[in-house]
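> mind looking at a prediction? Sequence and model below.
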Amino acid sequence: MSPTGIVVAGLRKRYGAAPALDGMSFSVRPGVVTGFVGPNGAGKSTTMRVILGLDAVEAGAALVDGRPYRSLRRPLNRVGSLLDAAAPHPGRSGRDHLLWLAHAQGLASRRVDQVIEQVGLAPAARRRGGAYSLGMRQRLGIAAALLGDPPILMLDEPFNGMDPDGIIWMRAFLRSLAAQGRAVLVSSHLMSEVQDVADHLVVAGRGRALADAAVDDLVAAVSEGRVTLRTTAAPHATAVLVRAGASVVAGGRDTVTVSGLPADRIAALLGAGAVPFSEVSAHRATLEDVYLELTREAVEYRAATSTEVRR
Ligand SMILES: Nc1ncnc2c1ncn2[C@@H]1O[C@H](COP(=O)(O)OP(=O)(O)OP(=O)(O)O)[C@@H](O)[C@H]1O
């Protein structure tokens with residue numbers, strides 16, 4: 001398959017005065033789905049374009065199988081990419097679009113029917129492209145990326161325009177591609193889209209990777225030292241705990257997340273203050289928490305979504 005996947009090291013690029021990439025570094029390993037998430041403008045699409053040699057950088061390097069994309073001998077057999085949903089000629093069928101691409105790459109027509117099957121486009125393959133929904137165009141774009149049977153796949157926002165069934169299909173499909181040993185990089189500006197599919201996450205913000213780590217490690221790091229408290233008297237509990245030096249963040253209904261105090265001390269303080277509670281347990285952060293924590297400073301504007309009381 002691919003011995004090294006993709007390695008991105010210290011990419012820098014400006015558009016005018018504004019840095020689009022400001023030291024972007026991460027790697028995409030074989031056999032794993034790597035989610036590439038970050039707010040709008042974080043530099044995800046620019047990074048993918050740089051990996052494919054479509055954009056130049058002022059510093060840094062992007063290597064595919066240890067080489068710059070442009071020096072690969074048969075690049076389409078090494079990396080399959082989806083940067084924008086496919087836009088077949090409106091009068092041409094999806095199958096004809098793929099046949100045209102296959103011939104341009106010197107690939108057998110047989111490959112076209114295989115990838116159409118793989119992406120579940122068979123019922124629509126002979127329909128005119130003009131009638132395709134965005135979700136169908138995404139499938140067609142993925143079929144095109146797979147034509148050369150590449151060991152590396154790079155998909156920019158492939159969930160865009162997919163309905164819930166399409167999203168479930170896409171997750172399973174990406175997992176199966178990684179299980180075959182391929183390196184799969186998939187971007188999204190929504191953490192919810194990559195959760196349940198990515199084993200590894202690169203969180204981008206302001207042109208750099210804020211994190212490049214296994215999902216489990218990120219969740220553990222953000223969970224550490226936090227305690228979930230379930231109480232019907234959240235305002236009272238918050239007042240008691242903040243007075244004792246904790247930070248308290250409102251969670252779901254009847255729950256708050258406490259940091260700065262161990263669980264046994266929290267229970268003792270609430271007991272002493274006669275504050276009712278039903279649970280005090282180690283907090284398990286969600287991927288959404290991880291994302292919010294990491295990108296807090298990288299987002300130019302975010303409406304207040306939680307009430308946080310700090311000491
Ligand atoms: N062709 C361009 N000309 C000028 N600025 C650009 C161009 N392409 C990207 N940028 C800027 O570079 C920065 C990074 O953009 P990029 O599209 O890579 O981010 P992104 O993470 O993919 O965001 P999104 O999720 O919105 O696509 C942004 O500030 C963007 O406005």
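Perfect, thanks for sending it.

> mean confidence for stretch 175-192?
Per-residue pLDDT over stretch 175-192 has a mean of 92.

> between the two ends of it, how far is it?
End-to-end distance of stretch 175-192 (CA to CA, to the nearest Å): 16 Å.

> equivalent analysis for stretch 60-80, please.
22 Å.

> buried stuff in it?
60, 62-65, 69, 72, 75-76, 78-80 (16 or more other CB atoms under 10 Å). From N, CA and C alone the C-beta is placed, and that goes for glycine too.

> test my guess that residue 157 contacts residue 187.
Yes: using CB atoms under 8 Å, residue 157 is in contact with residue 187, at 5.8 Å.

> what about residue 21, which SS state?
With DSSP: H, G, I helix; E, B strand; the rest coil as the basis, residue 21 sits in strand.

> and the helix ranked longest in the chain, which residues are buried?
Longest helix in the chain, counting residues (DSSP state H): helix 164-179. Using 16+ other CB under 10 Å as the test for burial, helix 164-179 gives 166-167, 169-171, 173-175, 177-178.

> which of the buried residues of stretch 60-80 sits closest to residue 4?
Distance to residue 4, by CB to CB, is smallest for residue 65 among those, at 5.9 Å.

> tell me who's in contact with the closest residue to residue 51 other than its chain neighbours.
Spatially, and ignoring its direct neighbours in sequence, residue 51 is nearest to residue 62 (4.5 Å; CB to CB, 6 or more residues apart in numbering). Residues in contact with residue 62, defined by CB atoms under 8 Å, 6 or more residues apart in numbering, are 6-9, 11, 47, 50-51, 68-69.

> can I get the residues you listed in CSV with pLDDT and secondary structure?
CSV is the format used below for the contacts of residue 62 (pLDDT from 0 to 100; DSSP: H, G, I helix; E, B strand; the rest coil):
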residue, pLDDT, secondary structure
6, 96, strand
7, 97, strand
8, 97, strand
9, 97, strand
11, 97, strand
47, 97, helix
50, 97, helix
51, 96, helix
68, 95, coil
69, 95, helix
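
> just the buried residues from those residues, in ChimeraX please.
What follows is the ChimeraX syntax selecting those of the contacts of residue 62 that are buried according to 16+ other CB under 10 Å:
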select :6,7,8,11,47,50,51,69
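
> just the contacts of residue 62 now: which is nearest the ligand?
Within these, the smallest distance to the ligand is 6.7 Å, found for residue 47 (CB to the nearest ligand atom).

> find the nearest non-adjacent residue to the closest one, please.
Closest to residue 47 by CB to CB, 6+ apart is residue 24, at 5.4 Å.

> pLDDT score assigned to residue 304?
At residue 304, the pLDDT value in this model is 40.

> kindly report the residues of the stretch 101-250 of the chain close to the ligand.
With CB under 6 Å from any ligand atom as the criterion, the stretch 101-250 of the chain meets the ligand at residues residue 189.

> can you get me a residue count around the residue of the stretch 101-250 of the chain found nearest the ligand?
Residue of the stretch 101-250 of the chain nearest the ligand, by CB to the nearest ligand atom: residue 189 (4.2 Å). The local packing of residue 189 (other CB atoms under 10 Å) involves 17 other residues.

> over to residue 18?
Look at residue 18: counted by other CB under 10 Å, it has 9 neighbours.

> can you give me the helices in the chain?
Using DSSP H, the helices found in the chain span residues 44-51, 75-78, 94-104, 110-118, 134-146, 164-179, 191-194, 215-223, 234-243, 263-272, 287-295.

> so which of the ones you listed comes closest to residue 20?
Comparing the helices of the chain by their distance to residue 20 (CB to CB), the top pick is helix 44-51, with 4.8 Å.

> which secondary structure elements does the closest one contact?
Helix 44-51 is packed against strand 6-15, strand 18-28, strand 33-37, strand 59-64, strand 152-156, strand 183-188, with contacts defined by 3 or more CB pairs under 8 Å, 6 or more residues apart in numbering; DSSP states H and E.

> so residue 266 touches residue 229, yeah?
Yes: here residue 266 lies in contact with residue 229, judged by CB under 8 Å, at a distance of 6.4 Å.

> give me the more crowded residue out of these two.
Taking other CB under 10 Å, residue 266 and residue 229 do not tie; residue 229 has more neighbours (27 against 22).

> so what's the more buried one bridging to?
Using DSSP bridges, the bridge partners assigned to residue 229 are residue 256, residue 280.

> repeat that for residue 63.
Those that pair with residue 63 in a beta bridge, by DSSP bridges, are residue 7.

> per-residue confidence for it?
So residue 63 comes in at 96 (pLDDT).

> please apply the same query to residue 299.
For residue 299, pLDDT reads 60.

> hmm, back to that, of the helices and strands packed on helix 44-51, which is nearest residue 284?
strand 33-37 (19.0 Å).
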